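Student: Okay, predicted coordinates and the sequence, questions at the end:
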Amino acid sequence: MLNSRQFVFWLVLCCIITGRASRGDDSPASRSPESPPESGNGGSETGQKSEYNPGTSSLELEGRLALVTGGASGIGRSVAMVLARENVTVIVADKNMTGGNETIQYLNQLSGHLNHRAVYVDVRNSTLVEYLFLCIEMEYS
């Protein structure tokens, strides 16, 4: 179970990653028709080149495991996609399984060699949250 320090660390990390994602070049012209939906604000209006280079990891998170709650859509999906680009194994926990599975499809396009998972969890139910962490420990330890 995460203690309060670990929780704050992961919360801050997600905020940092989200800010990082919004500066990438995700404009429609830069994507192929098969690529995942936009995860940022569209690209720079000043004409600067994107910081993102798929061959390097700018956040040095490669090989880590991340749990993203609310990853079926919106900011959670964007965070999950940035983590997958950084070669992080992502567990998407959400009460929307359809959206969670869609997110996993996008993550597999970005880093299919990793073992990404979608899990049904309603974070309002503490028993389900505890069970989630037990399952993660058993599968990924």
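Tutor: Cool, the structure landed.
Student: For Asp94, see how far away Leu59 is.
Tutor: 23 Å (CB to CB, to the nearest Å). Glycine gets a C-beta too; all of them are placed from N, C-alpha and C.
Student: Among those two, which residue is more densely surrounded?
Tutor: Between Leu59 and Asp94, counting by other CB atoms under 10 Å, Asp94 is the more crowded of the two (25 against 16).
Student: For the more buried one, give me its contacts.
Tutor: Thr69, Gly70, Gly71, Ala72, Gly76, Gly100, Ala118, Val119, Tyr120, Val121 (CB atoms under 8 Å, 6 or more residues apart in numbering).
Student: Top of the residues you listed by number of neighbours, please.
Tutor: Greatest neighbour count in the contacts of Asp94, by other CB under 10 Å, goes to Gly71: 30 neighbours.
Student: for that one, helix, strand, or coil?
Tutor: Following DSSP: H, G, I helix; E, B strand; the rest coil, Gly71 is assigned to coil.
Student: quick one: low-confidence ranges for this structure?
Tutor: 1-57 (pLDDT under 70).
Student: Please enumerate the helices of it.
Tutor: 4-21, 74-85, 97-111, 126-140 (DSSP state H).
Student: would TSV of the ones you listed with distance to Gly63 be doable?
Tutor: Below are the helices of the chain laid out as TSV (distance: least, CB to CB, whole Å):
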stretch	distance to Gly63
helix 4-21	15
helix 74-85	12
helix 97-111	11
helix 126-140	12
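Student: Sweet, I'm off.
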